[in-house]
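Asks: My questions are about this predicted structure, shown below with the sequence.
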Amino acid sequence: MFFDQHLKDVLTLDLATGAVPALIGPPGVGKSSFIEALAAELGTRAFTLAANLLAVKEDLTGARLVSVAGGADYTQVFYPHVDIATAADYAADHPDERPILFLDEITRCPGDVQSALLSLVLLRRIGTKKLPDNLRLIVAGNDSGNVAAFDDASVSRFSIYHVEADAAVLKSYLDACDAGLHPSIAKALRTQADHVFEAPEIEFDDSDYVGDQVHTVRQITTPRTIDAFNRWLQAASKAGALTAMATTVASGDVTVLGAAVQGHLGKTEFATAVYEDIIAQMNKAAGTAGAPTTPIIPQPDTWDDIMAAATNTAREKLLGSLSSAERGQVLAFAMTRNDVDSRLVTAILANGVEVDLRQMISALTNSQILPEHIATVESALAAHPSEQLAQFVNVAQTLT
């Protein structure tokens, strides 16, 4: 089932009749947010207990042995988990409501913790504390991955609903959230509706393995991560930070913005669609505003002498006399000129260059570097390798 009104209607009837719903589905699809929204619609509160954070059942029950009779004997006392105690106290104080105690991640906790939670569902008691009659229970868990499955006897205690992500429902939720829905996220939800829950394909190497265990951390696209990135993107847009992030290389051939997208959404189809639309909208805005009147890359002092050289040999000799950083400035300026042919660009590269990558990317995003010169640089990289220029070409390909 999707997280829509149909599921709300079913759960509302479950809660009214005292049934215990169990929402089973992948992590991050929105189970917790859905239960909180349901409680609000029912005019009450939801109290969430994250079962996967409990190490032993005593963390749940608060069972302790305390000395009595001056230390001559011991007795067992219970201090139920604060979330359970708070939910029970609220229910007792609000007898006209049906507040919800939401036991989340019940399939991803140690066996003795899960057994104690199942006993709580069956007996409606934890230690010596009885749950108020108006306190309703809902549980949630995953049905794949590192999970502790229910046995048949346990399953029969619940009404089981297998839930999944839905792009239309997620769009409605984000439209209504306080941050609002960013246009690039909205477009991806339309065009990549089948990818709102997606894990990247992982290429393992030997370092990923320790014994029989796989150790790797890769972000995935889920409604939860989409929600978080939508809020981040809105904040970055409001702060005017996206252009600088899109034109600054973080590492390798990944810009700061690219790293942020991957950090929130992983290397997935959905993430790629979001990133490409952000860049497209930035380019569109830059085209509307027009290129700056002041060139970003200044003319080098040696430019006139280079262009005035009588022969190619004389020009190459002059280029050879410059430092690699000076040649880098000559190359960057040459790539902004429509009166420069590919031979000069190749000649500059042949002597080795050190470029100001940030300056070149800034000129690129402001349409001051010509596409034909980018193509010349790309073609020349095989004969004249340059890590900086390879990064520049990769960024240029992303922006076009």
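Replies: Perfect, I can see it now.
Asks: can we go C-alpha only for contacts and neighbour counts from here?
Replies: Will do.
Asks: Am I right that residue 303 is in contact with residue 331?
Replies: No: if you go by Cα atoms under 8 Å, residue 303 and residue 331 don't touch, sitting 10.1 Å apart.
Asks: Go through stretch 302-322 and flag the buried ones.
Replies: 306, 315-316, 319-320 (16 or more other Cα atoms under 10 Å).
Asks: I'd like the mean pLDDT over that stretch, please.
Replies: For stretch 302-322, mean pLDDT is 90.
Asks: Domain ranges for this structure, per the record?
Replies: Domain ranges of the chain: 5-162, 167-289, 303-399, per automatic domain parsing.
Asks: Format those as CSV; extra columns: distance to residue 296.
Replies: Shown next, in CSV, are those (distance: least, Cα to Cα, whole Å):
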stretch, distance to residue 296
domain 5-162, 44
domain 167-289, 13
domain 303-399, 6
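Asks: so which of those gets nearest residue 297?
Replies: Nearest of the domains of the chain to residue 297, taken as Cα to Cα: domain 303-399 at 5.9 Å.
Asks: Which parts of the stretch 101-250 of the chain are helices?
Replies: Along the stretch 101-250 of the chain, the stretches classed as helices by DSSP state H, counting those that start in this stretch are 111-123, 152-155, 167-176, 183-191, 223-238, 242-246.
Asks: Redo those helices as JSON lines? Include distance to residue 197.
Replies: Listed next are these as JSON lines, based on distance: least, Cα to Cα, whole Å:
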{"stretch": "helix 111-123", "distance to residue 197": "27"}
{"stretch": "helix 152-155", "distance to residue 197": "26"}
{"stretch": "helix 167-176", "distance to residue 197": "9"}
{"stretch": "helix 183-191", "distance to residue 197": "11"}
{"stretch": "helix 223-238", "distance to residue 197": "7"}
{"stretch": "helix 242-246", "distance to residue 197": "25"}
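Asks: and those helices, which one is worst for confidence?
Replies: Note on those: lowest mean pLDDT is at helix 152-155, with a mean of 76.
Asks: what mean pLDDT would you report for the longest helix along the chain?
Replies: Assignment by DSSP state H gives helix 269-289 as the longest helix of the chain. For helix 269-289, mean pLDDT is 79.
Asks: And stretch 333-346, by the same measure?
Replies: On average, stretch 333-346 scores 90.
Asks: tell me which residues in that stretch are buried?
Replies: 333-336, 342, 344-346.
Asks: try stretch 271-290
Replies: Residues 271-280, 282-283, 286 are the ones in stretch 271-290 that count as buried (16+ other Cα under 10 Å).
Asks: and the residue nearest to residue 231 when sequence neighbours are not counted, how far is that from residue 238?
Replies: Excluding the flanking residues, the one nearest residue 231 by Cα to Cα, 6 or more residues apart in numbering is residue 179, at 5.8 Å. Separation of residue 179 from residue 238 (Cα to Cα, to the nearest Å) stands at 11 Å.
Asks: ditto for residue 14
Replies: According to Cα to Cα, residue 14 stands 43 Å off from residue 238.
Asks: Now do the same for stretch 21-32: mean pLDDT, whole number.
Replies: Mean predicted confidence for stretch 21-32 is 88.
Asks: List of residues touching it?
Replies: Identification of contacts with stretch 21-32 by Cα atoms under 8 Å, 6 or more residues apart in numbering yields 3, 11, 14-15, 48, 104, 137-144, 158-165, 197, 222-225.
Asks: Regarding it, how distant is the last residue from the first?
Replies: Using Cα to Cα, the end-to-end distance of stretch 21-32 comes out at 13 Å.
Asks: just how off-centre is it within its chain?
Replies: 18 Å (Cα atoms, centre = their mean, to the nearest Å).
Asks: which residues does the residue nearest to residue 231 contact?
Replies: Shown in contact with residue 179 (Cα under 8 Å, 6+ apart): 230-231, 234.
Asks: before we move on, which element is the residue most central in space within the chain in?
Replies: Closest to where the C-alpha atoms of the chain average out (Cα atoms, centre = their mean) is residue 264, at 1.8 Å. Assigned by DSSP states H and E, residue 264 belongs to helix 256-265.
Asks: tell me which strands and helices that helix is in contact with?
Replies: helix 223-238, helix 242-246, strand 249-251, helix 269-289 (3 or more Cα pairs under 8 Å, 6 or more residues apart in numbering; DSSP states H and E).
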